[in-house]
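*Asks:* Please find the sequence and the predicted model below.
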Amino acid sequence: MILKAWDKSMNFAEEKPLKSLIKIRPRKSAKIIRIAGGKNARLILGQLGIGVGSEVKVLRNAPFAGPILLENSGTSVAIGRGIAAKIIVEEI
Amino acid sequence: MKIGLIGQPNAGKSTLFNSVAGYKSATSNLPGTTVNYTKSKVRINGDVFEIIDFPGTYSLSATNDAEAEVRNYLIESHFDLIIDVIDASQMGRSLPLTLELMELNFPLIVVLNMFDEAQRKGIEIDTGKLSEILGIPVQTTIASKNIGVKELFLTAKSLIKKQHPGKAKKILCQRDVEEVIEELEQYLNRNYTRKTDYPSRFLAIKLLEDDDYFLKIVSSGNGVKISKKVAELQKKMVKLRGKPQDSVLAMERHAIAMDIYDQVVKIGSPRRDWREKLDNIVMHKVFGYLILVSVLVAFFYIIFVLGSFVEDFLLSGFDILDAWLASQMNPSGFVFQFVKSFIWGISGGIAIVLPYLIPFLIGLTILEDIGYLPRVAYLMDAFMHRIGLHGTSIIPAVLGYGCNVPAVMATRILTSRRDKIISAVISSMIPCSARSIVIFGLVAHYLGPMWAFAIYVLNIFVIALTGKILSALMPEVSPGMVMEVPSYRLPSYTVVKKKTWFRIKEFVVVAWPILIIGSIVLGLLEYFQVDQLINQALSPLTLLLGLPIVVGTTLIFGVLRKELSLIMLTQALGTTQVLTVMSTNQILTFTIFITFYIPCVATMAVLSRELDRKWMLTTVGITLGIATVLSWVTKLLGNVFG
């Protein structure tokens, strides 16, 4: 049962337009669907509580290919553009 | 009683440690300040505790060298008690580490530090309930003001002496995942027979997380069978959650943490103040950079004005003393040489080094403690990418302005070895406080503060170029920055005072004696005229750079401590009125050489340790080459433009 419910929610997620985190404008929130980076990137993000399913708010999206500043459960986290590009989200 | 202080970066472990042990561990509002352990024996209410301050770690899954070391040391050395220090205003994020620590079955206390900060943010924590859920004592402290610290250690004592019932409860994951963990745990209990320091449930969790370190340990034991079982169960978990195996359990812990958080925390309306507004300007795409430049200019300018004023005042005093001595003794006699050298060593420390060092360190401490540096990392990330690194590398670099030794050690927070190498090499090229003193004492003093500032700018430019060349030689995609940006904190007066003193003490106790001895050695060399041999040997270099031949010895002494070159210079020249014997062009050439050439002995040692001998020697070679070329060009330009 659980398995099925999960599959369903996954399919549902696939239908929504998915974007990379760097495409999210400041003050918008997004839910993380997938992290395409390597294991280490996922671990580092996971330590800060950022992972698949997290809802994050973009505070700043710096110019000149600078990092993205996120808010995740009360903590501000700066994420380099390279990693942010691999975080696939849906806007909420 | 052996107690370990563990917690996430920037939770205030070192502040707590210092509040009981006196100032022994560097603190700042900068994740990753502590990269090595500090131990101290302290007596509280008549009991002796051995306390170990750990570097900050977000979790027990190591993502960099610093974290790997924490985990191994934590598990392998047997602690009587672990204190898990949590930033109370960041409790949700901090609890996953607590959950991991609970799996280790050590006696454990949770400390909610910076409780005032949480209250300011409108976060109300029901500590009783938290303690009930976790099954372990929960204490609140404001370590920077020494509040709650004594009570904490009383609880620690009663827990160690088993007078306290606290024992970590088993906190379970959701049932589907929990079943997988239990299956592996039981499997391990049956099939993994080697004795380990790790509780089987902890081991099971780490294996399911695909943790390379533990996978290696287990497969080197009774091998293939277990690895197969682990892979099978991992697959099952991936199916259950639709996430990569390495993030299922981390996110599970995060979910549990958020659940606990919701149960014990009430969020009122935060008291809004300057902190929230400030970032809009400080991290602004235009103003942010303007502020960065202004902060740096103001920083160096203030140090110069203060230092210069005091230096002039004190030097004139020592000049009078010198003249008086010369009138009392035979100026060419051995005794006079000896006494004069000794006084020169003393006056160098008091009149030349300290006037700049004290304001420099106070300023650096304030910048660190306010929390400005992570903002600098944010602003500089794009720039660092252009030289093949990323924002996190700015931290070792900035620490380098204080001293290169902790800077090189701080490169442990970087994930990839290549980033670590490049950062360590460029960090050792940053003008540390000792080199800054040469820049202030010579260039700013004789040529004006703008010239000194120009040297810093030139230095940044050279470092950027070196970084770019090194990363071109080691092409590899840098993993990128993930860094917490902590909220601003007003630096506490006592902490700034203690921290500055902690760093000045390092100069007084370690460097000053070297300065005095060096000064006497140079005096003796001069007396027996051995210095001429050294100067002769170095004359190809000094002549090439158009410097007086007598400065040769100072370059050698500078390798020991960079300040030494400055103090030796006045001694080698025989006067503190440098301008009477050196032209401004020579002063500039000399300072540029000193700023860029070979890192000091201590930095070389730490480079060998953190990287290897080969990289240490490479750094020496690179810096020597850069210094020679730059100062030679300075000389030529000086000749052209007068």
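*Replies:* In hand now; what should we look at?

*Asks:* how about the helices of the stretch 201-350 of chain B, start to end?
*Replies:* Ranges of helices in the stretch 201-350 of chain B, per DSSP state H, counting those that start in this stretch, are B:212-220, B:223-241, B:245-264, B:274-282, B:287-328, B:334-347.

*Asks:* need those in JSON lines with mean pLDDT and mean neighbour count, can you?
*Replies:* Bear in mind the C-beta positions are built from the backbone N, C-alpha and C, glycine included. Shown next, in JSON lines, are the helices of the stretch 201-350 of chain B (pLDDT from 0 to 100; neighbours: other Cβ atoms under 10 Å in any protein chain shown):
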{"stretch": "helix B:212-220", "mean pLDDT": "80", "mean neighbour count": "15"}
{"stretch": "helix B:223-241", "mean pLDDT": "85", "mean neighbour count": "15"}
{"stretch": "helix B:245-264", "mean pLDDT": "87", "mean neighbour count": "20"}
{"stretch": "helix B:274-282", "mean pLDDT": "80", "mean neighbour count": "13"}
{"stretch": "helix B:287-328", "mean pLDDT": "86", "mean neighbour count": "15"}
{"stretch": "helix B:334-347", "mean pLDDT": "83", "mean neighbour count": "18"}
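
*Asks:* Quick one: list the elements packing against whatever helix or strand residue B:557 lives in.
*Replies:* In this assignment (DSSP states H and E), residue B:557 forms part of helix B:552-558. When contacts are defined as 3 or more Cβ pairs under 8 Å, 6 or more residues apart in numbering or on different chains; DSSP states H and E, helix B:552-558 sits against helix B:512-527, helix B:531-537, helix B:539-544, helix B:562-573, helix B:584-596.

*Asks:* redo that, cut-off 7 Å
*Replies:* If you count contacts as 3 or more Cβ pairs under 7 Å, 6 or more residues apart in numbering or on different chains; DSSP states H and E, helix B:552-558 packs onto helix B:512-527, helix B:531-537, helix B:562-573.

*Asks:* shaky segments in the stretch 351-500 of chain B?
*Replies:* Applying pLDDT under 70 to the stretch 351-500 of chain B picks out residues B:478.

*Asks:* re earlier: of all the helices and strands packed on helix B:552-558, which one comes closest to chain A?
*Replies:* Chain A lies closest, by Cβ to the nearest Cβ, to one member of these: helix B:562-573, at 33.1 Å.

*Asks:* Return the alpha-carbon coordinates of the closest one using PDB.
*Replies:* Output of helix B:562-573 as PDB, limited to C-alpha atoms (Å, rounded to 0.1, in the frame of the first residue of the first chain):
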ATOM      1  CA  LYS B 562      58.100  37.600   9.400                       C
ATOM      2  CA  GLU B 563      58.200  40.400  12.000                       C
ATOM      3  CA  LEU B 564      61.800  39.600  12.500                       C
ATOM      4  CA  SER B 565      62.800  41.000   9.100                       C
ATOM      5  CA  LEU B 566      61.400  44.400  10.100                       C
ATOM      6  CA  ILE B 567      63.100  44.500  13.500                       C
ATOM      7  CA  MET B 568      66.300  43.100  12.100                       C
ATOM      8  CA  LEU B 569      66.200  45.700   9.300                       C
ATOM      9  CA  THR B 570      66.400  48.600  11.700                       C
ATOM     10  CA  GLN B 571      69.200  46.800  13.500                       C
ATOM     11  CA  ALA B 572      71.100  45.800  10.400                       C
ATOM     12  CA  LEU B 573      70.900  49.400   9.100                       C
END
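
*Asks:* Against which helices or strands is it packed?
*Replies:* helix B:334-347, helix B:433-438, helix B:512-527, helix B:552-558.

*Asks:* Now with 6 Å, please.
*Replies:* Contacts defined by 3 or more Cβ pairs under 6 Å, 6 or more residues apart in numbering or on different chains; DSSP states H and E place helix B:562-573 against helix B:433-438, helix B:512-527, helix B:552-558.

*Asks:* Any chance of TSV for those, columns mean neighbour count?
*Replies:* Rendered in TSV, the data for the helices and strands packed on helix B:562-573 read as follows (neighbours: other Cβ atoms under 10 Å in any protein chain shown):
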stretch	mean neighbour count
helix B:433-438	26
helix B:512-527	19
helix B:552-558	24
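
*Asks:* Could I get the average pLDDT for the helix holding residue B:557?
*Replies:* Here helix B:552-558 scores 86 as its mean pLDDT.

*Asks:* Apart from its chain neighbours, what residue comes closest to the residue sitting furthest away from the middle of chain B?
*Replies:* Relative to the mean C-alpha coordinate of chain B, counting by Cα atoms, centre = their mean, the farthest residue is residue B:330 (49.5 Å). Closest residue in space to residue B:330, ignoring its immediate chain neighbours: residue B:336 at 6.0 Å, by Cβ to Cβ, 6 or more residues apart in numbering or on different chains.

*Asks:* ok, which residues in the stretch 301-450 of chain B are in contact with chain A?
*Replies:* Proximity of the stretch 301-450 of chain B to chain A (Cβ under 6 Å from any Cβ of the partner chain) is limited to residues B:378, B:381, B:382, B:390.

*Asks:* just to revisit the earlier point, redo the helices of the stretch 201-350 of chain B as CSV? Include distance to residue B:497.
*Replies:* Shown next, in CSV, are the helices of the stretch 201-350 of chain B (distance: least, Cβ to Cβ, whole Å):
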stretch, distance to residue B:497
helix B:212-220, 41
helix B:223-241, 51
helix B:245-264, 36
helix B:274-282, 23
helix B:287-328, 17
helix B:334-347, 25
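
*Asks:* between those helices, which one is nearest to residue B:625?
*Replies:* Taking Cβ to Cβ as the criterion, residue B:625 comes closest to helix B:287-328 out of the helices of the stretch 201-350 of chain B, the separation being 27.0 Å.

*Asks:* how distant is the closest one from the center of its chain?
*Replies:* Relative to the centre of its chain, helix B:287-328 is centred 26 Å away, using Cα atoms, centre = their mean, to the nearest Å.

*Asks:* again with stretch B:189-196
*Replies:* On the basis of Cα atoms, centre = their mean, stretch B:189-196 sits 40 Å off its chain's mean C-alpha point.
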